[in-house]
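J.: Model the structure of this input:
(chains A and B)
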Amino acid sequence: MAAADTPSASLRHHDLCSRGIRLARKMRSDVTDLLDIYVERQGLDASISVAAVEGVPAAAAERWAEQTGTQRLLDNLAAYRAFRVLLAQMLEEQREQLGDADSELGPALAAVLLQVSAFAYHLEELLELESRRVPAEEGSEPPAPPRLSLFEQKLRGLGVLRELAQWAVRSVRDLRQLAKHGPGSSAALGLAESQ
Amino acid sequence: MHASTPPAPQPRGLPVPCSAAHRSPFPLSPAADPAVISPQDPTLLIGSSLTATCTVSADLRLRAQDLYWTLNGRRLPANSYTALGPTTLSVALGRLNGSRQQSGDNLVCHSRDGGILAGSCLYVGLPPEKPVNISCWSRNMKDLTCTWAPGTEGETFLHTNYTLKYKLRWYGRDNTCQEYHTAGPYSCHIPKDLALFTPYEIWVEASNRLGVAVSDVVMLDILDVVTTDPPSDVHVSRVGDLEDQLSVRWSSPPALKDFLFQAKYQIQYRVEDSSEWKVVDDVGNQTSCRLAGLRPGTVYFVQVRCNPFGIYGSKKAGIWSDWSNPTAASTPRSERTAGGCDPKGGEQNTTLRRELKQFFGWVKKHSYGCSNLSIKLYDQWRVWLQKSHKTRNQVGSTRR
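T.: Model (predicted):
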């Protein structure tokens, strides 16, 4: 019997999913607030259309319902690892340009970065519980970003936060599906649910 | 077959209006720049003018007349535009105001459909002014915190960086303070490695995109700017049955017990339902004090603070500590007002007059001349009065 199939593993899996869902919900709420602050501080119009940010997997999935639990976890992990790098870069740029003077934006960015790191760790735990090898970080990071003008940096930041907000919603749905089906489910979760 | 279900979530606060949806999104890759704005991210003085140009990539098949400009999201009037070529449009901005946000004003070149072709951040402001009013204090002689004001005119509209520097007078090397914003927006904290008995030179450097300004140098000896922790163990208790008095006791700050210094204290107190504090500032160097003239049956909050001065012979006035945490105590309930009924103002006045009359009669009997008239005497009389009330009440109850 695989470790992932034992009753204690099921309990742990359920517990990890529940905590992950709570974390993703909180992250979504915080990112939404952060977006408001960001748009205001950068003097941007919230309706500006920004192209997909290089290195961030899009939250929108064409065949989402057909994904297996492991696939979902791997997609999430890749996305949050990328966000971790991008947010750290945004924080660095923010500090370079405005120092610690902004008592709202800097701490809010740092808080979301922390949540993203915690969520990535959470996903790794879930993958380990499924007896899956957690992919190494090397190579999963996006390539060094191109040198952008200050205005482009502002727009890229907006793009990153928007995509992160979308991912937080998707992650809640992914984890809900995982929680329903238990550990080690290799069937397409959405399909399994519909059958 | 089950249809695929893309989550396509739309979180709160992310408005993507229909008008924006059809626009071509702004690409974030220099190779794909559809247009270039010149100058890119300039820094300008308030009141100056700027002419910026937007040159569209030939691949886009856009002409100068297909373009327009916005500044912080507001469309700039067409009469400020000039077509400098088939694909280049300029805009003239006169008498610029200070930047609306420290991250820079957004000057953006758009295509006719509203899509963003290129953007440039404008930093419009003033060079920093000389920082002023540098003020420092050392808590228990262990650290040093300094605050300053950014200058008389205030806002520069640009992010201005402040660096506090210090060095021992006569001994050369400049040091830079590392912990900023510890006591407000213009402050820095030096946590350790401070020398006593030699004055420090302290100054603040302000810098932004438009220049640098250095404050005057302040000279100070740590011993002259010592403050301490608020007094510990503040106890407030009743004075026997005296309904208008409370006794306050406290300990001197332990952190300074090994140093030769004098201390003076202040007390402030207020009633529970008021935010107005009354200050007693003639406490001197005693570590106890009696508060008189209080309302009977009332809860009072009391705080104490300390001013250590004369450390190792320093001649400076010393700096008051923070107030201690409030300690609460209540005065005894007045026997005459017991029963929950508050006396009316008129009745209170009559009582006071009667008591004063009684007091003066008693003084005539027990003191010799006005020189001996003091609050102590008044206290003695109150004790006497309460005893006589008690005796009367006891007699009354035994009679019943």
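J.: you'd agree residue B:54 is in a strand?
T.: Yes. Applying DSSP: H, G, I helix; E, B strand; the rest coil, one finds residue B:54 inside a strand.
J.: residue closest to the middle of chain A?
T.: residue A:80 (3.7 Å; CA atoms, centre = their mean).
J.: For stretch B:214-232, which residues meet the burial criterion?
T.: For stretch B:214-232, burial by neighbour count (16 or more other CB atoms under 10 Å in any protein chain shown) applies to B:215, B:218, B:220-231. All C-beta spots, glycine's among them, are computed from the backbone N, C-alpha and C.
J.: any chance of those in JSON lines, plus secondary structure?
T.: Formatted as JSON lines, these follow (three-state DSSP):
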{"residue": "B:215", "secondary structure": "coil"}
{"residue": "B:218", "secondary structure": "strand"}
{"residue": "B:220", "secondary structure": "strand"}
{"residue": "B:221", "secondary structure": "coil"}
{"residue": "B:222", "secondary structure": "helix"}
{"residue": "B:223", "secondary structure": "helix"}
{"residue": "B:224", "secondary structure": "helix"}
{"residue": "B:225", "secondary structure": "helix"}
{"residue": "B:226", "secondary structure": "strand"}
{"residue": "B:227", "secondary structure": "strand"}
{"residue": "B:228", "secondary structure": "coil"}
{"residue": "B:229", "secondary structure": "coil"}
{"residue": "B:230", "secondary structure": "coil"}
{"residue": "B:231", "secondary structure": "coil"}
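J.: which helices and strands sit right next to the lengthiest helix in chain A?
T.: In chain A, assigned by DSSP state H, the helix with the most residues is helix A:7-42. Contact analysis of helix A:7-42 by 3 or more CB pairs under 8 Å, 6 or more residues apart in numbering or on different chains; DSSP states H and E lists helix A:105-129, helix A:150-181 as its packing neighbours.
J.: Next secondary structure after it?
T.: Going down the chain from helix A:7-42, the next helix or strand is helix A:69-98, by DSSP states H and E.
J.: Tell me if that next one is near chain B.
T.: Yes. For helix A:69-98, a contact with chain B is found by CB under 8 Å from any CB of the partner chain, at A:97-98.
J.: who does that helix touch, helix- and strand-wise?
T.: Against helix A:69-98 (3+ CB pairs under 8 Å, 6+ apart) you get helix A:105-129, helix A:150-181.
J.: any chance of those in TSV, with mean neighbour count too?
T.: TSV is the format used below for the helices and strands packed on helix A:69-98 (neighbours: other CB atoms under 10 Å in any protein chain shown):
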stretch	mean neighbour count
helix A:105-129	19
helix A:150-181	23
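J.: give me the number of residues near residue B:53?
T.: 18 (other CB atoms under 10 Å in any protein chain shown).
J.: Surely it is in contact with residue B:85?
T.: No. Using CB atoms under 8 Å as the test, residue B:53 is too far from residue B:85 to be in contact (9.2 Å).
J.: Chain B versus the residue nearest to the centre of chain A, what's the distance?
T.: Separation of residue A:80 from chain B (CB to the nearest CB, to the nearest Å): 16 Å.
J.: Where does pLDDT dip in the stretch 301-400 of chain B?
T.: Scanning the stretch 301-400 of chain B for pLDDT under 70 picks out B:335-354, B:363-379, B:383, B:386-400.
J.: Tell me the predicted confidence for residue A:193.
T.: The predicted structure scores residue A:193 at 42 on the pLDDT scale.
J.: quick one: the helices in the stretch 251-400 of chain B?
T.: Under the criterion DSSP state H, counting those that start in this stretch, the stretch 251-400 of chain B contains helices at B:345-366, B:375-399.
J.: closest one to chain B among the helices and strands packed on helix A:69-98?
T.: Evaluated with CB to the nearest CB, the helices and strands packed on helix A:69-98 place helix A:150-181 nearest to chain B, the distance being 3.3 Å.
J.: mean confidence for the closest one?
T.: Helix A:150-181 comes out at a mean pLDDT of 92.
J.: cool, and stretch B:111-130?
T.: Stretch B:111-130 comes out with an average pLDDT of 94.
J.: That stretch spans what distance, first to last residue?
T.: End-to-end span of stretch B:111-130 (CA to CA, to the nearest Å): 44 Å.
J.: what do residue B:53 and residue B:85 both touch?
T.: Shared contacts of residue B:53 and residue B:85 (CB atoms under 8 Å, 6 or more residues apart in numbering or on different chains): none.
J.: separation between residue B:216 and chain A?
T.: For residue B:216, the distance to chain A - CB to the nearest CB - is 23 Å.
J.: Please read off the pLDDT at that residue from the model.
T.: 96.
J.: Residue B:146 too?
T.: 97.
J.: Identify the neighbouring strands of the helix or strand harbouring it in the sheet and state each direction.
T.: Taking DSSP H and E as the definition, one finds residue B:146 inside strand B:144-149. With DSSP bridges as the test, strand B:144-149 is paired with strand B:132-139 (antiparallel), strand B:187-190 (antiparallel).
J.: Deepest-packed of the ones you listed, please.
T.: strand B:187-190 (a mean of 21; mean count of other CB atoms under 10 Å in any protein chain shown).
J.: Show me the contact partners of it.
T.: Under CB under 8 Å, 6+ apart, the answer for strand B:187-190 is B:143-148, B:162, B:164, B:166, B:175, B:177-183.
J.: Apply 10 Å and report the result again.
T.: B:135-136, B:138-139, B:143-148, B:162-166, B:175-183, B:200, B:202, B:204 (CB atoms under 10 Å, 6 or more residues apart in numbering or on different chains).
J.: Show me which of those are buried.
T.: So, by 16+ other CB under 10 Å, the buried ones in the contacts of strand B:187-190 are B:136, B:138-139, B:143-148, B:162-166, B:177, B:180, B:200, B:202, B:204.
J.: gap between the strand holding residue B:146 and the chain center?
T.: 13 Å (CA atoms, centre = their mean, to the nearest Å).
J.: list the contacts for the residue lying closest to residue A:172 once chain neighbours are set aside?
T.: Closest residue to residue A:172 apart from its sequence neighbours, by CB to CB, 6 or more residues apart in numbering or on different chains: residue A:24 at 4.7 Å. Residues near residue A:24 by CB under 10 Å, 6+ apart: A:76, A:80, A:115, A:119, A:122, A:167-176.
J.: Quickly check the residues you listed for the two that are furthest apart.
T.: A:115 and A:176 (18.6 Å; CB to CB).
J.: quick one, the longest helix of chain A and helix A:69-98 angle?
T.: 30 degrees (axes from the mean of the first three to the mean of the last three CA atoms, to 10 degrees).
J.: Which strand or helix spans residue B:163?
T.: Per DSSP H and E: strand B:161-168 holds residue B:163.
J.: What of residue B:118?
T.: Going by DSSP H and E, residue B:118 is part of strand B:116-125.
J.: Return the list of strands paired to that strand, each annotated with direction.
T.: Applying DSSP bridges, one finds strand B:116-125 paired with strand B:43-45 (parallel), strand B:105-111 (antiparallel).
J.: which outside residues touch the shortest one?
T.: Contact partners of strand B:43-45, identified using CB under 10 Å, 6+ apart, comprise B:50, B:93, B:96, B:98-99, B:104-105, B:121-127, B:158, B:208-210.
J.: Let's see that with 8 Å instead.
T.: B:50, B:96, B:122-127, B:158, B:209-210.
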